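> Whatever this is, show me its structure:
(chains A and B, ligands or ions: 2)
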Amino acid sequence: MSLRIVVCVKYVPDATGDRHFADDLTVDRDDVDGLLSELDEYAVEQALQIAEDADDAEITVLTVGPEDAKDALRKALSMGADKAIHVEDDDLHGSDVMGTSLVLAKAIERAGYDLVITGMASTDGTMGVLPAILAERLGVPQVTLLSEVKVEDGTVTGRRDGDSASEQLEASLPALVSVTDQSGEARYPSFKGIMAAKKKPVESWDLEELEIESDEVGLEGSWTAVDSATQRPARTAGTIVKDEGEGGKALAEFLAGQKFI
Amino acid sequence: MAEVLVYVDHADGAVRKPTLELLTLARRIGEPVAVALGAGAADTAAVLAEHGAVKVLTADAPEFTEYLVVPKVDALQAAYEAVSPAAVLVPSSAEGKEIAARLAVRIGSGIITDAVDLEAGDEGPVATQAAFAASFTTKSRVSKGTPVITVKPNSAPVEAAPAARAVEALAVTFGALATGTKVVSRTPRESTGRPELTEAAIVVSGGRGVNGAENFGIIEALADSLGAAVGASRAAVDAGWYPHSNQVGQTGKSVSPQLYIASGISGAIQHRAGMQTSKTIVAINKDAEAPIFDLVDYGVVGDLFSVVPQLTDEIKARKG
Ligand SMILES: Cc1cc2nc3c(=O)[nH]c(=O)nc-3n(C[C@H](O)[C@H](O)[C@H](O)COP(=O)(O)OP(=O)(O)OC[C@H]3O[C@@H](n4cnc5c(N)ncnc54)[C@H](O)[C@@H]3O)c2cc1C
Ligand SMILES: Nc1ncnc2c1ncn2[C@@H]1O[C@H](COP(=O)(O)O)[C@@H](O)[C@H]1O
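Ligands and ions are numbered 1, 2, ... in the order given. Model prediction:
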């Protein structure tokens, strides 16, 4: 039987662009170029490697996001995923992690899965909690923050490098895995991959299809409220000296003045 | 007064500093009730009471170490049901965030992660967060359910606030999912004797400019002269010069010390995301155009191989 892998990928504003908030205090997605979150490329890469090792596997990439989020799906397809699902609905604007995870969980269940793979965190929200929430909602084991992952005979194993220890983990499928940027460089799409991606199926689903009420998601349905967002004042320009043999001593003088020595 | 549940991060009964900081924040919104799990849980009571915990709920079971995350969520949920708190505060470690997030789903609440400050507000606690690599500061609230908030290290001072010491055993029943992910083996990280990166008052970091694992000794010597923790950029970690557990930045640790010293680090946005909120920032870089200089209070344009050892010697001389 085929191993069904669903990879959750997010379309995010480019971190090297001038990111800011829109008037309604949601992430502004219009003025900065978007792309497939770099941290989700690692998830796609691990899905591809797991699929290569399996006899028979199918990789579906899934995103919840605006029209342009299709770009993220195309990139994942050109890396080698088989098909894509785009959940798009005007009522989704401003959803927080509880809303987004609800939509992802319903979409994953509807798509059918043995293994869900996500990135470690999104590069815009950087919460890093969606994977645990998805596992809770789906009622499957969470095997998260892996720097190494393997799937064999219906079992997923992997290494989690935590704060105080490195742990070897094991769970039975179906399960949810998240991978870190230590899991191995993601491949670049080949020319052939880019051409093939154009013919791969991309389905679009909306809230009605997932039987989700519009007041359960979006800015109105959000479980958290952002009251203000202010740009951090630029740091006041510091003192910069050129080392002409005494730079270390000058720095020590500064540190002593600040009472660090 | 409303009670506030505080999840305790400890190692065999030794409470980590971020938990004591949480007690300071918890006292701004109510009376802290602490939840300590695993081996040594009861040993945490004395220090928690000294810092304001009116009660410590403890539980120990093999499940807490043999399975990942979920047994702890079951326990925190049991505490939540026993106490009916006004808010739940959890330290922002990787595991802390996962525990908090799953609890939030179960109790039908919103979650705020990585708060750097917390105040009481008319509509519940107001959390301050840093967004977009700390170029923005936001204030937000949980608007549905009981606020579940994770808080970063170094977000509040540790304050003495003696309370009567009360310890109670917490009854926990594990659900079907608790044993879903088995921890087959665990290799503890070796202690370096240096302060914990996220908790340290001073962090000394090295980047690609350090140019080799063997040269990291220069960075370590500076760190030791100041009693600091050692950090590294991803470029240094990817090159295999320093362990990933010391990486500072978006996909490493985020630090907010009193003093951050960057040597041979250019200051890419992903690195800044993890250190931009440091109080005083110092950089040593031979490229005067390096973006790190936009952040510094004091910068030295020069070769780290001469500046850093001279700095270390001068610090040692001044300290006598
Ligand atoms: C999704 C994603 C996540 C990332 N996460 C992180 C993260 O968590 N942390 C992180 O750090 N990076 C992260 N990065 C990488 C980041 O973009 C940069 O590539 C990285 O921070 C560069 O490290 P560096 O400053 O050490 O190296 P470089 O950018 O190469 O800079 C080296 C600096 O050293 C200086 N130098 C060289 N020799 C000397 C000398 N002898 N004396 C003095 N100065 C010298 C040079 O002038 C230069 O400025 C991430 C990237 C991505 C895409
Ligand atoms: N809108 C989304 N669509 C698809 N996947 C997402 C979305 N948001 C988050 N994810 C997944 O969840 C991971 C962690 O996200 P977060 O908790 O938001 O930092 C990401 O790396 C993605 O794999």
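> give the contact list for residue 97.
You didn't pick a chain, so chain A it is. A:125, A:127, A:129-130, A:133, B:101, B:111 (CB atoms under 8 Å, 6 or more residues apart in numbering or on different chains). Where C-beta positions appear, they are placed from N, C-alpha and C, glycine not excepted.
> Switch to chain B, please.
Contacts of B:Lys97 (CB under 8 Å, 6+ apart): A:127-129, A:132, B:90, B:113-114, B:150.
> which of the residues you listed sit farthest apart?
Within these, A:Ala132 and B:Asp114 form the most distant pair, 14.6 Å apart (CB to CB).
> between these two, which one's more packed in?
Per other CB atoms under 10 Å in any protein chain shown, whichever of A:Ala132 and B:Asp114 has more neighbours is A:Ala132, with 31 against 20.
> for the contacts of A:Val97, which one is nearest ligand 2?
A:Leu130 (3.2 Å; CB to the nearest ligand atom).
> follow-up on the earlier one: what about the contacts of A:Val97, which are in strands?
Judged by DSSP state E, strands contain the following of the contacts of A:Val97: B:Ile111.
> got a winner among the contacts of A:Val97 for most neighbours?
B:Ala101 (30 neighbours).
> got a pLDDT number for residue 150?
With no chain named, the answer covers chain A. A:Lys150 is assigned a predicted lDDT (pLDDT) of 98.
> actually chain B
98.
> can you map out the strands along chain A?
A:3-8, A:11-13, A:34-36, A:57-64, A:83-87, A:115-119, A:142-152, A:155-161, A:165-172, A:175-179, A:202-205, A:224-231, A:239-242.
> who wins for proximity to ligand 2 among the ones you listed?
strand A:115-119 (2.6 Å).
> what pairs with the closest one, and is each one parallel or antiparallel?
strand A:3-8 (parallel), strand A:175-179 (parallel) (DSSP bridges).
> pLDDT (mean, whole number) over the longest one?
Strand A:3-8 shows an average pLDDT of 98 in the prediction.
> ok, which of the contacts of B:Lys97 also contact ligand 1?
Residues of the contacts of B:Lys97 in contact with ligand 1 (CB under 6 Å from any ligand atom): none.
> Using a markdown table, please lay out those residues together with distance to ligand 2.
Below are the contacts of B:Lys97 laid out as a markdown table (distance: CB to the nearest ligand atom, whole Å):
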| residue | distance to ligand 2 |
| --- | --- |
| A:Met127 | 4 |
| A:Gly128 | 5 |
| A:Val129 | 5 |
| A:Ala132 | 8 |
| B:Val90 | 15 |
| B:Thr113 | 8 |
| B:Asp114 | 11 |
| B:Thr150 | 12 |
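> Which member of these is positioned nearest ligand 1?
For these, the nearest to ligand 1 is A:Gly128 (12.5 Å; CB to the nearest ligand atom).
> count of residues packed around the closest residue to B:Asn154 other than its chain neighbours?
Leaving aside its chain neighbours, B:Asn154 sits nearest to B:Ser256 (4.5 Å; criterion: CB to CB, 6 or more residues apart in numbering or on different chains). Neighbours of B:Ser256 under the rule other CB under 10 Å: 22.
> For B:Leu5, see how far away B:Ser256 is.
Per CB to CB, to the nearest Å, B:Ser256 is found 24 Å from B:Leu5.
> Same question for B:Leu23.
Taken as CB to CB, the span from B:Leu23 to B:Leu5 is 12 Å.
> got it, and B:Gln270?
On the measure of CB to CB, B:Gln270 and B:Leu5 end up 34 Å apart.
> Show me which of those two is the more surrounded one.
Neighbour comparison, B:Gln270 and B:Leu5: the larger count goes to B:Leu5, with 26 against 19 (by other CB under 10 Å).
> For the more buried one, give the beta-bridge partners.
B:Val33, B:Val88.
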